[in-house]
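Asker: quick check, what structure comes out for this input:
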Amino acid sequence: MNDTHTETDGRDLLAAFVNTRELLPESEELATPAALAEWLVAHDLAPAGLEPAARDLRDAIALREALRQLMLANNGVEIDRAGAGATLEQAARRARLCVRCCEEGAKLEPQAKGVAGALGWLCAAVERSSAAGTWPTVKACRAGDCLWAFVDRAPNGRRTWCSMKSCGNREKVRAYRERHGAH
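Answerer: Numbering: from 1, shown residues only. Modelled structure (predicted):
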């Protein structure tokens, strides 16, 4: 694909990918292989005409949920880091990520075609964000019924909820009721 999606550290792209599944209300943007193809093409990660198989969809969803887990870890939630990391590593291996030298220096680029290569661009975005020092700001909401991915752009980097208006407010009310015994 072209380099437009590699011009930034990739945080917004990663959050958008994770947010293809929403818990409140429950919705799945990647419900079919065709929907996966549409999302990857729309985000300039794959060429038009991509035809994913059912296995490609399973791989994409596994990568998405591993990224969500790693984003929860960025928000202080205990997770199975080894399992999530292994899924990310498997996707990177399938993508055959390798270093490509360019005017800007070097960057990771998938050598695989198809969905594996498209998912490789997402793996490369994790590495770019890590190298830029911005990976810890890519978080998933701590609310167990939300888990929405967001980029923490707060000056102190301590945001924990996707939104204070919804999840943050619900959590504050719950904590208040626990402290004061109200039901």
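Asker: for the top helix by length along the chain, which helices and strands make contact with it?
Answerer: In the chain, taking DSSP state H as the definition, the longest helix is helix 54-74. With contacts defined as 3 or more CB pairs under 8 Å, 6 or more residues apart in numbering; DSSP states H and E, the packing partners of helix 54-74 are helix 11-18, strand 21-22, helix 33-42, helix 81-95, helix 114-132, strand 138-140, strand 149-151. In short, each C-beta sits where N, CA and C put it, glycine included.
Asker: contacting residues around whatever helix or strand comes next after the shortest one?
Answerer: Toward the C-terminal end, the helix or strand that comes next after strand 21-22 (DSSP states H and E) is strand 27-28. Outside strand 27-28, the residues that touch it by CB atoms under 8 Å, 6 or more residues apart in numbering are 20-21.
Asker: show me the shaky parts of the chain.
Answerer: In the prediction, the chain carries residues with pLDDT under 70 at positions 1-7, 163-166, 168-178, 182-183.
Asker: again, only this time at 80
Answerer: Scanning the chain for pLDDT under 80 picks out the ranges 1-8, 24, 161, 163-183.
Asker: ok so, going back, now, of the helices and strands packed on helix 54-74, which is deepest in the fold?
Answerer: Among the helices and strands packed on helix 54-74, strand 138-140 has the highest mean neighbour count (mean count of other CB atoms under 10 Å), at a mean of 26.
Asker: give me the sheet partners of it and which way each runs.
Answerer: Strand 138-140 has the following strand partners under DSSP bridges: strand 149-151 (antiparallel).
Asker: quick one, what contacts the residue nearest to Thr137 when sequence neighbours are not counted?
Answerer: When the adjacent residues along the chain are set aside, Thr137 lies closest to Asp152, with 4.4 Å between them (CB to CB, 6 or more residues apart in numbering). Asp152 makes contact with 137-139, 158-159 under the criterion CB under 8 Å, 6+ apart.
Asker: pipe these into JSON lines and attach distance to Leu50 per row.
Answerer: Output for the contacts of Asp152, formatted as JSON lines (distance: CB to CB, whole Å):
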{"residue": "Thr137", "distance to Leu50": "30"}
{"residue": "Val138", "distance to Leu50": "26"}
{"residue": "Lys139", "distance to Leu50": "30"}
{"residue": "Arg158", "distance to Leu50": "39"}
{"residue": "Arg159", "distance to Leu50": "35"}
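Asker: out of those residues, which comes closest to Arg94?
Answerer: Arg94 has its nearest neighbour among those in Val138, at 22.0 Å by CB to CB.
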